[in-house]
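[1] predicted structure and sequence below. I'll ask about it afterward.
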Amino acid sequence: MPLPTCIPSSRGWFVRILGARNQLVFGVYRRHMKTIGYLDRLDALFGAPATTRSWNTMRSVLRAVNPGPPV
């Protein structure tokens, strides 16, 4: 799949996949009830269970893995 891509691929996207590196796929999604259905499609697209994490969670992971100056 070429990246970046939008789901659905129409003008009114709900999930936008910006890139991927190894097992990490990153993007943005709109806070809307329909978004949950589109996030479920990521499992099929990438052939593995997908989960979402906020930026706060990612910062916490970075602090735990790389102690030192604040991130």
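    Alright, I've got the coordinates. Numbering: from 1, shown residues only.
[2] how long is stretch 24-36 end to end?
    19 Å (Cα to Cα, to the nearest Å).
[3] who are the packing partners of the host helix or strand of Phe26?
    In the assignment (DSSP states H and E), Phe26 maps to strand 24-29. With contacts defined as 3 or more Cβ pairs under 8 Å, 6 or more residues apart in numbering; DSSP states H and E, the packing partners of strand 24-29 are strand 15-21, helix 35-46. From N, CA and C alone the C-beta is placed, and that goes for glycine too.
[4] could you rerun that using 10 Å?
    Identification of packing neighbours for strand 24-29 by 3 or more Cβ pairs under 10 Å, 6 or more residues apart in numbering; DSSP states H and E yields strand 5-7, strand 15-21, helix 35-46.
[5] point out the most buried one among the ones you listed.
    Comparing these on average neighbours per residue, with mean count of other Cβ atoms under 10 Å, the densest one is strand 5-7 at a mean of 16.
[6] that one: partners in the sheet, and parallel or antiparallel?
    Strand 5-7 pairs in its sheet with strand 15-21 (antiparallel), by DSSP bridges.
[7] I'd like the next helix or strand past the helix or strand bottoming out on mean pLDDT in the chain.
    Taking mean pLDDT, DSSP states H and E as the measure, the helices and strands of the chain show their lowest mean at helix 35-46, namely a mean of 83. Downstream of helix 35-46, the next assigned helix or strand under DSSP H and E is helix 55-65.
[8] strand 24-29 and that following helix, what's the angle between them?
    150 degrees (axes from the mean of the first three to the mean of the last three Cα atoms, to 10 degrees).
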